[in-house]
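# return a 3D structure for these sequence lines:
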Amino acid sequence: MATAEYKDDWNSKNFYEAVNLCRSAIIYPAANDYEKKGLERGQTKEQLRSEIIATTPVFESIASDACYCALNEYAKDLKNVDYIRNWNSIGEYLQTPRCKAKMIESMKIFQNREQLLLLRLK
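Okay, here's the model as predicted:
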């Protein structure tokens, strides 16, 4: 099995921290968008607070798939110190066809689970 050639200043700790930063950059805006749309539909902040907390694992799962994909590629091209200086540059890697496909796949899995759950509740 061939090993990936990551830049020399990456290690398991800073890689994981970089993934967490990436996830946060996806999860928090997604939660804010969810709240904004809910308020526009007439829901209260209190109703939405509970929904957002319950939905956070879904956001996290989708973001994890995308961020691990993106960071795997990023860490082969650029050093960790570059990520720390300009962490939002990960967006380019999130937009690669492979990582976009990973995010879409994760979203479809969630949608399928949600549909199955709704069917069971009927």
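
# only C-alpha atoms for contact and neighbour calcs from this point on.
Will do.

# buried sites along the helix or strand encompassing Ser50?
Counting by DSSP states H and E, the element that carries Ser50 is helix 45-77. Residues of helix 45-77 classed as buried: 48, 52, 58-75 (neighbour count, 16 or more other Cα atoms under 10 Å).

# cool, stretch 13-30 as well?
Buried-residue list, stretch 13-30, by 16+ other Cα under 10 Å: 15, 18-27, 30.

# make TSV from these and add pLDDT, distance to Leu94 and secondary structure to it.
TSV is the format used below for these (pLDDT from 0 to 100; distance: Cα to Cα, whole Å; DSSP: H, G, I helix; E, B strand; the rest coil):
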residue	pLDDT	distance to Leu94	secondary structure
Phe15	95	16	helix
Ala18	94	13	helix
Val19	94	12	helix
Asn20	93	14	helix
Leu21	91	13	helix
Cys22	91	10	helix
Arg23	92	11	helix
Ser24	91	14	helix
Ala25	89	12	helix
Ile26	88	11	helix
Ile27	90	14	helix
Ala30	86	15	helix
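
# over to Lys37. Which of the three states is it?
Under DSSP: H, G, I helix; E, B strand; the rest coil, the three-state class of Lys37 is helix.
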